[in-house]
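[1] fold the following and give me the result.
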Amino acid sequence: MPGPTLLIAGATGLVGNHTLVAALSDVRVTKVIAPTRRPLTDTHTFGSYAGLIEENLLSGRLTNPIIDFKTPPEGLLAGVTSVICTIGTTMRKAGSREAFQATDHGLVLSLATAAHAAGVPSFAYVSSVGAGPKAASFYLRVKAQVESDLTALGFRSLTILRPSFLGGDRDESRPMERVGLALASALKWVTPKRYRVIDAADVADRLITSVFASTDGVDIIESEMIPAT
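    Numbering: from 1, shown residues only. Alright, predicted model coming up:
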């Protein structure tokens, strides 16, 4: 029996990078579709794994459609058994609440709606620790709305991960975030486990695990349930 065919959305981001590498490194995965705005081979985020990406592109096990994400990728979903969504930005990078919501809610729900309509049974989404409809921050309230809207779609299997602060090498410079992560790591032993820094690679591994578990219903995985650094 063939293994899963995965569509990974957000493959050029921190968690998406690690998820793509984890999927391609897992021999049980039959095929990976990674739509991006620019070719994966033009990015500099894969480091020593660039050869793995190129090898799988050449073999056809990995396909990299170039899309603008403004329209749902219906044509890419045929035969997909699981969608992993790592799409996400920051308030600073988005520039406004409206732009942030258009990405973190609009793009995610557009993809999820198209996936559900195409009959994809399994969907996994990276949310955030603290997501809730009454959270103090707009960022966390939007994440909570996405979780609610994804649940309402009715996927046979929906996995929601709520990681804390993410550790790992980013392709973009975030000096203040690096300072915060260093401080959080130094205070690890006095910080509740839910709020400790967690490696993006651990989040990626848990996403791939969810594909094979494919638990019926909604499975919400809090940060302390993901191996922390």
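
[2] ok, now which ones touch the closest residue to residue 137 other than its chain neighbours?
    Spatial nearest neighbour of residue 137, excluding adjacent residues (CB to CB, 6 or more residues apart in numbering): residue 130 at 7.8 Å. C-beta coordinates here come from the backbone N, C-alpha and C atoms, glycine included. Contacts for residue 130 (CB atoms under 8 Å, 6 or more residues apart in numbering) come out as 137, 140, 162.

[3] make it 10 Å
    Residue 130 makes contact with 136, 137, 139, 140, 143, 144, 162, 164, 194, 195, 223 under the criterion CB atoms under 10 Å, 6 or more residues apart in numbering.

[4] now tabulate those in CSV and tack on pLDDT.
    Converted to CSV, the contacts of residue 130 look like this (pLDDT from 0 to 100):
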residue, pLDDT
136, 95
137, 94
139, 95
140, 96
143, 97
144, 98
162, 97
164, 92
194, 75
195, 81
223, 93
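
[5] mind checking which of the residues you listed are in helices?
    139, 140, 143, 144 (DSSP state H).

[6] tell me the contacts of the most centrally placed residue in the chain?
    When CA atoms, centre = their mean is applied to the chain, the residue found nearest the centroid is residue 86 (1.8 Å). Neighbouring residues of residue 86 by CB under 10 Å, 6+ apart: 8-20, 108, 124-126, 161, 200, 203-204, 207.

[7] mind checking which of those residues land in strands?
    Counted as lying in strands by DSSP state E, out of the contacts of residue 86, are 8, 9, 124, 125, 126, 161.

[8] out of those residues, which is nearest to residue 150?
    residue 125 (5.9 Å; CB to CB).

[9] so the closest one sits against residue 105, correct?
    No - contact criterion CB atoms under 10 Å: residue 125 and residue 105 do not qualify, at 11.5 Å.

[10] low-scoring stretches of this structure, by residue?
    Scanning the chain for pLDDT under 70 picks out 1, 44-45, 168-191, 228-229.

[11] now with 80?
    For the chain, the stretches with pLDDT under 80 are 1-2, 43-47, 70-74, 168-192, 194, 227-229.

[12] quick one: the strands in it?
    Secondary structure of the chain by DSSP E: the strands cover 5-9, 31-33, 62-63, 82-85, 122-126, 157-162, 166-167, 198-199, 217-222.

[13] quick check: angle from the last one to strand 157-162?
    Think strand 217-222. On the basis of axes from the mean of the first three to the mean of the last three CA atoms, to 10 degrees, strand 217-222 is oriented at 10 degrees to strand 157-162.
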